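# Just a sequence and a predicted model for now, questions to come.
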Amino acid sequence: MRYLVLVSHGTLAPGMHSVLSMLGGAREDVLSASLEDGMGADEYVARLNEVLAPVTAEDEVVLLGDIIGGSPLTNALNTLSEKGLLGRTVAFGGMNLPMAMTALMGLQTSELPALAESMLQEAHDGARKIDIAPDADDDEDDI
């Protein structure tokens, strides 16, 4: 099986997990863990080990973290390494909803390299400035 694992500071990962469940239905192959305010690294790693308990050495992991080099992602990579899963993991920093949705939709059906490319493309395409043109009826003197 392949798992989508979301990790973050604060409530981003569980919040993203909640949104994915709302949009795609609750799934056993989506897991999340967060480093909460005031939580030490040991406590976070213990939580992470609980969350990763269903993942076996035969599984693959798509790991999404909030910040490259941040404690949640770094500790998740270390934990996956200790479980012998680093070679079966593809990891990303800078997670956003478009990339998480892409991962969710192709998690069990796409080849891992193709899924990773799709996720990166969706992350890139999903973030852009929206140009808002002022209404023709707006009178700038009223501002």
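Right, received. Where do you want to start?
# mind checking the longest strand of the chain?
Criterion DSSP state E: the longest strand present in the chain is strand 2-9.
# just checking, next helix/strand downstream of that one?
The element immediately downstream of strand 2-9 (helix or strand, assigned by DSSP states H and E) is helix 12-24.
# elements contacting that following helix?
Secondary-structure packing of helix 12-24 (3 or more Cβ pairs under 8 Å, 6 or more residues apart in numbering; DSSP states H and E): strand 2-9, strand 30-35, helix 97-106. Every residue, glycine included, has its C-beta placed from N, CA and C.
# picking that back up, what separates the longest strand of the chain from the chain centre, distance-wise?
On the basis of Cα atoms, centre = their mean, to the nearest Å, the separation between the geometric centre of strand 2-9 and that of its chain is 5 Å.
# ok, back up a step: format the helices and strands packed on helix 12-24 as JSON lines; extra columns: distance to residue 129.
As requested, the helices and strands packed on helix 12-24 are exported to JSON lines (distance: least, Cβ to Cβ, whole Å):
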{"stretch": "strand 2-9", "distance to residue 129": "24"}
{"stretch": "strand 30-35", "distance to residue 129": "29"}
{"stretch": "helix 97-106", "distance to residue 129": "15"}
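# Among the ones you listed, which comes closest to residue 61?
strand 2-9 (5.2 Å; Cβ to Cβ).
# How about residues contacting that closest one?
Under the criterion Cβ atoms under 8 Å, 6 or more residues apart in numbering, residues 13-14, 16-17, 20, 29-35, 48, 51-52, 54-55, 59-67, 70-73, 75-76, 95, 100, 103-104, 107-108, 112 lie in contact with strand 2-9.
# try stretch 54-63
The list of residues contacting stretch 54-63 from outside it, by Cβ under 8 Å, 6+ apart, reads 1-5, 7, 28, 31, 73, 76-77, 80, 83-85, 88-92, 103, 107, 112, 115-116, 119.
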